[in-house]
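> got a sequence here, can you build the structure:
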Amino acid sequence: MVGILLMAHGTPTRMEDLPSFLESIRSRKPTQAEVDDLRDRYMAIGGLSPLLELTEEHYRNLAQVLEREHPGGFRVALGMKHSVPSIEDGLDALLGALDAQEVDKIIGLVLAPHFSKASIGGYESRVQAALQSKRSIREEGREDGGCFKQIQFDMVRSWHLAPELIDMWANRVVDEIAGISAGDMSSNGSPLKDMPPEGHGLKVHVVFTAHSLPARLTEAGDPYARQVAETAAAIAGRAQLRDWSVAWQSIPPGSTIPWLEPDVSDVIRKVATEDYDAVVVCPVGFVSDHLETLYDLDVVASGVASSCGLLYGRCASLDHDIRLARTLADVINRELSTS
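This is a model prediction of the structure:
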């Protein structure tokens, strides 16, 4: 049996958890101003984000798809980087199955398609450290640590060009453009249409976004920015787009170091000067709705577009779409076939 450690960023589940959540992200105690700023952003979206519930749904969907396709072949556990259940909790669940001689290999998979040493690399390092710690504890306690020494752990580094992922986003782009033209800006994930989006009558610019990272990472050869651009180009090709670009979002407030640019708000302002009627934002760097879509895009970017006189649409996230689970299952099967 193969163990799947499905990992995600995590989110606070109570307002009282904001300080510890920020401390986990920033590896330092946050200032009161930082906590207040985060609380204000959550309040602007009506309270805490739905990220935990959505991540749990992705976890259940993946387990069901794998069990249906490979009965008894996989055991899936969930671990969050900055909240509970933690990555260590998820690993413990799989190692418990290892003790019962049910699991002989573990694959780590993060609900984020693009690799960066600062993101996916951090998840991988944390799992490796937890495994090493558990091996040491067993050996020091003179318990049988052989199974821990022999367990194979492999990490899925990226899945940014998975065919189903590209199709899901292309569907949403086409639907969102059609919705703007019809006055209904809600994507429904219907089958991809044959008509090019530009045929709907409005001049629309599509902006593909992902979380910005420090620019020094790309300068040092990190593939994150390139992979985001590759995802965007694949979606644009599938959706037959002519007018599109890549932008970055969610730079931490008050940062004093250079981050990947251009910022999505700056791109929207530029688009407004170029005779476009509307802008559609497609957040390809994310899987589920959370603060960075519900606030950074639906509140801030939407407000910028409105102030510039542009119609605005944001592609729906992959929430509740069972095709995401099938995509992840395919990614896992490819990992097994090459490892």
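
> which stretches of the stretch 51-200 of the chain have low pLDDT?
97-101, 137-150, 184-200 (pLDDT under 70).

> which parts of it are helices?
51-69, 87-99, 120-140, 146-150, 163-182 (DSSP state H, counting those that start in this stretch).

> using PDB, write out every CA atom in the last one.
So that's helix 163-182. What follows is helix 163-182, C-alpha atoms only, in PDB (Å, rounded to 0.1, in the frame of the first residue of the first chain):
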ATOM      1  CA  PRO A 163      -3.700  18.200 -18.800                       C
ATOM      2  CA  GLU A 164      -6.900  18.200 -16.700                       C
ATOM      3  CA  LEU A 165      -5.600  21.200 -14.700                       C
ATOM      4  CA  ILE A 166      -5.100  23.200 -17.900                       C
ATOM      5  CA  ASP A 167      -8.600  22.200 -19.200                       C
ATOM      6  CA  MET A 168     -10.300  23.200 -15.900                       C
ATOM      7  CA  TRP A 169      -8.800  26.600 -15.900                       C
ATOM      8  CA  ALA A 170      -9.400  27.100 -19.700                       C
ATOM      9  CA  ASN A 171     -13.100  26.300 -19.100                       C
ATOM     10  CA  ARG A 172     -13.300  28.900 -16.400                       C
ATOM     11  CA  VAL A 173     -11.600  31.600 -18.400                       C
ATOM     12  CA  VAL A 174     -13.900  31.100 -21.400                       C
ATOM     13  CA  ASP A 175     -17.000  31.000 -19.100                       C
ATOM     14  CA  GLU A 176     -15.900  34.100 -17.200                       C
ATOM     15  CA  ILE A 177     -15.400  36.100 -20.400                       C
ATOM     16  CA  ALA A 178     -18.800  34.900 -21.700                       C
ATOM     17  CA  GLY A 179     -20.300  35.800 -18.300                       C
ATOM     18  CA  ILE A 180     -19.000  39.400 -18.500                       C
ATOM     19  CA  SER A 181     -20.500  39.900 -21.900                       C
ATOM     20  CA  ALA A 182     -23.800  38.500 -20.700                       C
END
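
> same for it, what does it pack against?
strand 204-211, helix 224-238, strand 278-282, strand 311-314, helix 322-338 (3 or more C-beta pairs under 8 Å, 6 or more residues apart in numbering; DSSP states H and E). (Each C-beta comes from the backbone N, C-alpha and C, glycine too.)

> adding distance to residue 215 and mean neighbour count, write the helices of the stretch 51-200 of the chain out as CSV.
Shown next, in CSV, are the helices of the stretch 51-200 of the chain (distance: least, C-beta to C-beta, whole Å; neighbours: other C-beta atoms under 10 Å):
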stretch, distance to residue 215, mean neighbour count
helix 51-69, 27, 19
helix 87-99, 28, 19
helix 120-140, 17, 15
helix 146-150, 39, 13
helix 163-182, 25, 22
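
> let's have those helices in CSV, adding distance to residue 202.
Below are the helices of the stretch 51-200 of the chain laid out as CSV (distance: least, C-beta to C-beta, whole Å):
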stretch, distance to residue 202
helix 51-69, 31
helix 87-99, 45
helix 120-140, 37
helix 146-150, 59
helix 163-182, 5
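
> identify each buried residue in stretch 220-228, please.
222, 223, 224, 225, 227, 228 (16 or more other C-beta atoms under 10 Å).

> for the first one, give me its contacts.
Spelled out, that is residue 222. By C-beta atoms under 8 Å, 6 or more residues apart in numbering, the contact list for residue 222 reads 116, 117, 118, 213.

> likewise the last one?
Residue 228 is in contact with 114, 160, 208, 210, 246, 284, 285, counting by C-beta under 8 Å, 6+ apart.

> which among these count as buried?
114, 160, 208, 210, 246, 284, 285.

> what's the neighbour count on the closest residue to residue 202 other than its chain neighbours?
Nearest residue to residue 202, sequence neighbours excluded (C-beta to C-beta, 6 or more residues apart in numbering): residue 277, at 4.2 Å. Residues within reach of residue 277, counting by other C-beta atoms under 10 Å, total 15.

> just checking, residue 23 is part of a helix?
Yes: judged by DSSP: H, G, I helix; E, B strand; the rest coil, residue 23 forms part of a helix.

> follow-up on the earlier one: so what pLDDT did the residue nearest to residue 202 get?
For residue 277, the pLDDT comes out at 97.

> wait, doesn't it sit right on residue 309?
No: counting by C-beta atoms under 8 Å, residue 277 does not reach residue 309; the two are 9.2 Å apart.

> per-domain residue ranges of this protein.
2-111+116-156, 163-314 (automatic domain parsing).

> CSV for those, including distance to residue 330?
Listed next are the domains of the chain as CSV, based on distance: least, C-beta to C-beta, whole Å:
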stretch, distance to residue 330
domain 2-111+116-156, 10
domain 163-314, 7
